[in-house]
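Asker: Quick one, what's the 3D model for this:
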Amino acid sequence: MGKDERSVSVINENGFTINACSFNVDPKYQPLDAIGQGSYGVVCSVCNTETDEKLAIKKITPMAGDEWDATHTLREIRLMRCLGAHENVST
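Answerer: Below is the predicted model of the structure:
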């Protein structure tokens, strides 16, 4: 995703919005930049203001238009859960 394609983040009381996608997260996570966007959602970088740690958050867009979409969304969630055992992934 090129820099000119990225949207400015808007911070609100429930989190922030970036690339027209709302992230309802703890206020300690401050948005830095959009990293990518695909079929299943948006990934952005954030800073944990309590630890000064840079992280990435992926928001999966619900896709239950039909059984095929629902199956692929569920597969994406299951894959991320498998990665949950990694120290750099939080589920």
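Asker: what's the pLDDT at L32?
Answerer: Looking at L32, its pLDDT reads 91.
Asker: would it count as being in a helix?
Answerer: No - counting by DSSP: H, G, I helix; E, B strand; the rest coil, L32 is not part of a helix but strand.
Asker: which non-adjacent residue is nearest it?
Answerer: Once flanking residues are discounted, L32 sits nearest to S45: 4.3 Å by CB to CB, 6 or more residues apart in numbering. Bear in mind the C-beta positions are built from the backbone N, C-alpha and C, glycine included.
Asker: Show me what that neighbour bridges to in the sheet.
Answerer: D33, A56 (DSSP bridges).
Asker: Contact partners for it?
Answerer: 31-33, 35, 54-56 (CB atoms under 8 Å, 6 or more residues apart in numbering).
Asker: Please apply the same query to E76.
Answerer: Counting by CB under 8 Å, 6+ apart, E76 has contacts 40, 60.
Asker: Which helix or strand contains the residue sitting nearest the centre point of the chain?
Answerer: The residue lying closest to the centre of the chain (CA atoms, centre = their mean) is K58, at 2.2 Å. Here K58, judged by DSSP states H and E, is contained in strand 53-60.
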